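1. Sequence first, then the predicted structure, then my questions.
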Amino acid sequence: ALGDKLPAGVSSTLSAAGGKAAFAIWTTTPWTIPANLAVAVNADLDYCLVKMQGDAATNWLCDHLVVAASLVESLAEKFGIQLEVLATFKGGDLEGCQYKHVLYGRESPLVIGGDYITTDSGTGLVHTAPGHGQEDYQVGLKYGLPLLSPVDNAGCFTEEAGPQFAGLAVQSDGNAAVINALSAAGVLLKEEQYAHKYPYDWRTKKPTIFRATSQWFASVEGFRSEALEAIRAVSWVPAVGQNRITAMTEGRSDWCISRQRKWGVPIPVFYDKTTGEPLVTEETLDHITAIISQHGSDIWWTAPLEQLLPADMQHLAQNFVKGEDTMDVWFDSGSSWAGVVRAREQEGLRFPADLYLEGSDQHRGWFQSSLLTSVATMGQAPYRQVLTHGFVLDERGNKMSKSLGNVIDPRIVINGGKDQKKEPPYGADVLRLWVASVDYSTDVMIGAGILKQVSEAYRKLRGTLRFLLGNLADFDPSKDVVPYEQLPAVDKWLLAKHAAVMAEVQEAYDSYQVKF
């Protein structure tokens with residue numbers, strides 16, 4: 001179906017093409033084609049209706065395509081056919097057109113996407129599956145598209161994808177099955193190997209699967225201003241930390257607090273077997289809280305559902321299932337002020353805590369999650385001061401990793417390694433001197449060369465101290481001390497300088513400026 005934004009001449013040309021016209025899209029993830037709910041174009045790009053001519057096009061279902069105007073020549077060469085331009089129009093003119101899905105026959109709209117739609121590669125039209133990508137999801141929200149994600153927790157197609165795909169692993173057999181289905185339907189224009197960037201899971205080193213799922217969220221909007229006010233009441237060391245957490249809190253969207261993992265603190269919600277509606281009330285939460293406080297959080301997984309429901313609801317147990325979502329670990333750690341400080345105030349701990357100490361990445365993590373949970377429930381930050389430090393890197397400035405073999409073991413620094421010529425025992429004092437000599441507020445480096453330099457500085461410092469102490473070997477304060485009034489002016493001046501240095505050192509300690 002054609003949209004009402006098309007110029008009359010273009011509309012008549014497209015109408016003449018009839019059912020033989022199609023939008024040419026491309027994708028690097030064929031397994032997402034079953035979830036396609038729209039085709040997106042760039043409103044400012046020029047597009048063409050082209051007629052396909054040549055032997056390669058005889059077996060295709062369509063003989064007219066809509067593609068980006070600047071890609072006509074390259075696509076003709078890629079397909080091995082001739083493309084005759086019949087009409088040219090702006091992408092914005094296509095908004096409101098409809099098309100039928102090539103595998104399922106459902107009608108979907110052509111929509112306007114963002115700047116991510118370019119003519120650097122592909123066809124200039126982007127396959128859009130709101131259930132399998134962030135940009136697609138945002139476009140779906142804009143146009144009110146439904147969510148379709150026919151992939152289960154194991155990464156396999158569900159029955160919603162159709163019997164020809166159900167049960168297939170999407171990134172292996174599923175990909176191949178979708179490509180074969182497109183070819184059999186006469187709509188596969190080209191299949192080729194294409195090198196591109198794709199996100200991999202850092203732990204398993206396997207490609208990730210994006211899919212939309214139901215989650216639990218905590219709204220930040222209702223207390224954002226209170227959180228920003230609480231930030232200003234905290235002392236941040238270094239001061240730039242206040243700017244970082246302020247910017248992150250100002251731009252914070254709703255907090256997704258649920259995770260799909262087989263470990264962690266459970267979210268205590270029951271679901272109706274028939275409707276899927278959640279059951280969570282003050283009564284159910286109080287009952288579960290009492291049980292967990294007595295038996296621990298594992299009781300959620302081990303106890304029968306009847307035991308987890310309040311007494312007056314246990315007869316409904318057969319209608320519900322336990323939720324399997326776990327709490328975001330940042331919600332766990334962000335609640336530590338309640339489980340540690342608040343819970344032990346009678347033992348002498350004070351709330352808010354005097355100091356939170358962690359790495360500079362925690363403005364987005366622990367510092368922020370602690371702030372949000374505390375402000376939401378207590379109306380104030382859970383800490384009076386926050387100190388952040390950098391990270392220890394190897395001598396070349398690389399992150400330490402066991403897999404890279406560049407981890408510096410403090411025990412080897414102190415006691416030496418197996419080959420003590422290459423890894424000599426420096427002792428604890430050299431390691432302490434290195435710690436005292438670096439600026440902890442930024443990332444710091446350590447390695448064999450750096451430790452050697454610190455060791456040389458340590459020997460000079462130790463020799464100087466031994467010389468000074470040697471001069472005091474026979475000094476007896478009870479007999480040799482000179483009253484201040486009788487001291488020469490130069491000695492009084494030196495004592496004044498010493499007092500000034502000690503005051504400066506004390507001030508530095510009080511403000512955590514401990515680099516020497």
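-> Structure's in. What do you need? In this text, all values refer to a predicted model and were calculated from it rather than measured experimentally.
2. OK, contacts around residue 132?
-> By Cβ atoms under 8 Å, 6 or more residues apart in numbering, the contact set of residue 132 is 29, 32, 35, 149, 151, 209, 210, 211, 212. C-beta here means a position set from N, CA and C on the backbone, and glycine is covered the same way.
3. From residue 307, how far out is the second one?
-> So that's residue 32. 42 Å (Cβ to Cβ, to the nearest Å).
4. ok, these two, which is more surrounded?
-> Taking neighbours as other Cβ atoms under 10 Å, residue 32 and residue 307 compare with residue 32 leading, 27 against 13.
5. what are the ranges of the strands in the stretch 251-400 of the chain?
-> Remark: strands assigned in the stretch 251-400 of the chain by DSSP state E, counting those that start in this stretch are 255-256, 258-259, 270-272, 278-279, 320-322, 326-327, 353-359, 383-389, 392-393.
6. what's the third one packed up against?
-> Here strand 270-272 touches strand 278-279, strand 320-322, going by 3 or more Cβ pairs under 8 Å, 6 or more residues apart in numbering; DSSP states H and E.
7. Highest average neighbour count across those: which stretch is it?
-> Highest mean neighbour count among those (mean count of other Cβ atoms under 10 Å): strand 320-322, with a mean of 17.
8. Show me what it is packed against.
-> Counting contacts by 3+ Cβ pairs under 8 Å, 6+ apart, strand 320-322 is packed against strand 270-272, helix 305-308.
9. follow-up on the earlier one: mind putting the contacts of residue 132 in CSV, distance to residue 71, secondary structure and pLDDT included?
-> Shown next, in CSV, are the contacts of residue 132 (distance: Cβ to Cβ, whole Å; DSSP: H, G, I helix; E, B strand; the rest coil; pLDDT from 0 to 100):
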residue, distance to residue 71, secondary structure, pLDDT
29, 20, coil, 91
32, 22, helix, 94
35, 25, helix, 94
149, 30, coil, 93
151, 31, strand, 93
209, 29, coil, 90
210, 26, coil, 90
211, 30, coil, 89
212, 30, coil, 88
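10. Tell me the buried residues in stretch 303-315?
-> Judged by neighbour count (16 or more other Cβ atoms under 10 Å), stretch 303-315 contains these buried residues: 305, 308, 309, 313.
11. Spatially nearest residue to the third one, not counting backbone neighbours?
-> Across the structure, with Cβ to Cβ, 6 or more residues apart in numbering as the measure, the residue nearest residue 309 apart from its sequence neighbours is residue 317 (5.9 Å).
12. so how far is residue 271 from the one you found?
-> In terms of Cβ to Cβ, residue 317 sits 13 Å off from residue 271.
13. first to last residue in stretch 400-409, what's the distance?
-> 11 Å (Cα to Cα, to the nearest Å).
14. ok, residues contacting it?
-> For stretch 400-409, contacts defined as Cβ under 8 Å, 6+ apart pick out 392, 393, 394, 398, 446, 447.
15. and residue 41, which of the helices and strands packed on strand 270-272 is closest to it?
-> Among the helices and strands packed on strand 270-272, the nearest to residue 41 by Cβ to Cβ is strand 278-279 (38.8 Å).
16. From the contact counts, what lies against that closest one?
-> On a contact count with 3+ Cβ pairs under 8 Å, 6+ apart, strand 278-279 meets strand 270-272.
17. Name every strand pairing with the strand it packs on and say which way it goes.
-> Strand 270-272 has the following strand partners under DSSP bridges: strand 278-279 (antiparallel), strand 320-322 (antiparallel).
18. So, low pLDDT: which residues of this protein?
-> Within the chain, the ranges that satisfy pLDDT under 70 run 1-10, 16-19, 515-516.
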